[in-house]
Structures are given as structure tokens and as C-alpha cells.
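S.K.: Here's my sequence, what's the structure:
(4 chains)
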2 protein chains.
Amino acid sequence: MPHNHEELLKHVKADMPKDELLQDLGDLFKIFGDTTRIKIMYALHEDEMCVCAIAELLGMTQSAISHQLKVLKAANLVETRRDGKTIYYSLADEHVKSIIAQGYEHLTE
Amino acid sequence: MPHNHEELLKHVKADMPKDELLQDLGDLFKIFGDTTRIKIMYALHEDEMCVCAIAELLGMTQSAISHQLKVLKAANLVETRRDGKTIYYSLADEHVKSIIAQGYEHLTE
DNA sequence: TGAACATATGAGCAGGCGTTCATATGACAA
DNA sequence: TTGTCATATGAACGCCTGCTCATATGTTCA
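M.R.: Residues are numbered from 1 along each chain as shown, chains lettered A, B, ... in the order given. Sure, this is the predicted structure:
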């Protein structure tokens, strides 16, 4: 017979968060899973920046950057401030920094 | 004229990690960006588990789980131990836990 | 060795995602 | 209001990725 893990499964299952939360976690990290967005977040690490500055920094279209910023904002990872025609983006909280920092450590050890 | 950010860009550019590292960071988080893999890592949070136990826990094919474990292992996120026919998987380091924990906090605040 | 079990692997397909292109919205200045 | 600049949005296309199915590898026991 195939082997048995009833007890273990019962135990682990009890401690698993709900599917919805796990799905949300996956969706959150999916946002970190793109080089362009990582670069944007890294760029905002120290200072707020306007859209066209980010586009110039990354050598990409304003449109592409704007689309990505929308994704980041929808996930509450960045926030905005308007000054005249210009909209400045900055990181919304410290989790962004610490998540990236943890990833960085994992890679460089 | 379009507006100017020479100084800012020079400054930010100087502090940006190399493209290769940023790419690796993206690739790493891409691995966290899938519900199945998140579930696997969460399951291994407390205890090592064999492949078929994980498959049973998640209600998925042994094949699918095995493919995902290969991805996780290639990224040094999990490690293995053999005992007879069975191979037990466990988390490879603490970064996995802290990355997930940071994501969790971001979602639940 | 041969059978049974645990896990790994390869090919193929469907859905998701990031970019581009064209265009729209919104704000300021004249 | 009209023109210009900064940003946002929608549609479409190509690529990537995760699952499935079939099969292979590897281990134990009789």
C-alpha cells in the first residue's frame, strides 16, 4: 500500500492559512517577479520620482512604465503625490524594502 | 521643453545594483509568485514532507508537485533528504520564512 | 531478477502577462 | 479656449509558465 501520512496532513492542514490568503500572497509576489517592476521599486528606494524620470532611467516607454506603476499602486506598493502636471511616485511602506532585502540576502549568501 | 532630471538620474543610477542582480531578484520572486509553490513552502514551514504527502495535501498530481519542487530546489529554496524510497523536502533557509512573513504583513495591515 | 512503490522527466497545450501602439485624460500657460 | 506637456488607458500580439499525460529512473523487498 502507498504510504500513510494522515496525522501529518491533519496537523499541517490545521496550520495552513485559507486558500484566499495564499492566493493573495502569490499574487503579491508575482508583482515582485518582474525585472521592470523590481527596478522601479529599487529606483524609488531612496527618492520619489516622476513617471518620465523612471522611464528615462530604465530606457523604456512612458506607457510601459505607467502600466507597471498602475499594477504597483493597485497592490499598495507605491503611492502618489501630484505637483502641477507631474505625479511623483514613492514606496508605500517598508515591506517593499524588507522583502527585496531578504531576496537580496538569499541570493548573495 | 520636457522636464529635466539629470542630477536625480545620475544619483539613482549610481546606487542601482547591476542588471544581472536585478534580473536574479525578479527570477527569485517569480518563484514565490505562484500559489502552488507558496502552499508547498507554507506546508514545509514546520515540518519536512515527502512528495506524495504534499500532493495529497494540496489535492494535486504527484507529477505537478514534483515539477514545482524541482523549481524550488533549483533556486535553493528547499533541500532534500532520502530515506529509502522516500525523499523528504524541507525549507533550505530562513529567508523563505521571512519573505513570506513580510508579504503576509503587507497584506494584513 | 522481477514486482511494487516513490519520485523525476519530457513533450505539448492553454491561460496569463508584459510590451507596444494609438489614443484619451488632465493640468498648466498664453 | 487652444496648445503643450505629463500621465493614463485600451486593444492586440507574442512569450512565458504551470499543468497534464505518458514514461523513465531509482529504491526496496521477495
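S.K.: Contact partners for A:V71?
M.R.: A:31, A:37 (Cβ atoms under 8 Å, 6 or more residues apart in numbering or on different chains). The way it works is simple: take the backbone N, C-alpha and C, and place the C-beta from them, glycine included.
S.K.: actually A:D27, sorry about that
M.R.: A:75, B:33.
S.K.: Which pLDDT value goes with it?
M.R.: pLDDT for A:D27: 97.
S.K.: Briefly note if whichever strand or helix holds it comes near DNA strand C.
M.R.: Assessed by DSSP states H and E, A:D27 sits inside helix A:19-32. Yes - in terms of Cβ under 7 Å from any atom of the strand, part of helix A:19-32 sits within range of DNA strand C, namely A:K30.
S.K.: Please point out which parts of that helix sit buried.
M.R.: A:22, A:24-32 (16 or more other Cβ atoms under 10 Å in any protein chain shown).
S.K.: ok, of the residues you listed, which one's closest to DNA strand C?
M.R.: When these are compared for distance to DNA strand C (Cβ to the nearest atom of the strand), A:K30 wins out at 5.5 Å.
S.K.: Once you drop chain neighbours, what's closest to that closest one?
M.R.: Excluding the flanking residues, the one nearest A:K30 by Cβ to Cβ, 6 or more residues apart in numbering or on different chains is B:G33, at 3.3 Å.
S.K.: least trustworthy helix or strand in chain A by mean pLDDT?
M.R.: Every helix and strand of chain A was ranked by mean pLDDT, DSSP states H and E. The lowest is helix A:6-15, at a mean of 90.
S.K.: Figure out the length between the terminal residues of stretch A:44-51.
M.R.: 11 Å (Cα to Cα, to the nearest Å).
S.K.: quick revisit: wait, what's in contact with the residue nearest to A:K30?
M.R.: Contacts of B:G33 (Cβ under 8 Å, 6+ apart): A:26-27, A:29-33.
S.K.: repeat that with 7 Å
M.R.: A:26, A:29-30, A:33 (Cβ atoms under 7 Å, 6 or more residues apart in numbering or on different chains).
S.K.: re the thing from before, helices and strands around the least confident helix or strand of chain A, which ones?
M.R.: Packing contacts for helix A:6-15, counted by 3 or more Cβ pairs under 7 Å, 6 or more residues apart in numbering or on different chains; DSSP states H and E, involve helix B:51-58.
S.K.: does the helix it packs on come close to DNA strand D?
M.R.: No - Helix B:51-58 does not reach DNA strand D (Cβ under 7 Å from any atom of the strand); its nearest approach is 8.5 Å.
S.K.: Any regions of chain A where pLDDT drops low?
M.R.: For chain A, the stretches with pLDDT under 70 are A:1-2.
S.K.: ok, back up a step: now the residue nearest to A:K30. Its backbone dihedrals?
M.R.: Here is the backbone geometry of B:G33 (degrees, to the nearest 10): phi -90, psi 30.
S.K.: residues from chain A in reach of DNA strand C?
M.R.: Counting by Cβ under 7 Å from any atom of the strand, the residues of chain A that sit close to DNA strand C are A:1-3, A:30, A:33-37, A:60-61, A:63-64, A:67-68, A:71, A:82, A:84-85.
S.K.: Tell me which of those fall in helices.
M.R.: A:30, A:35-37, A:63-64, A:67-68, A:71 (DSSP state H).
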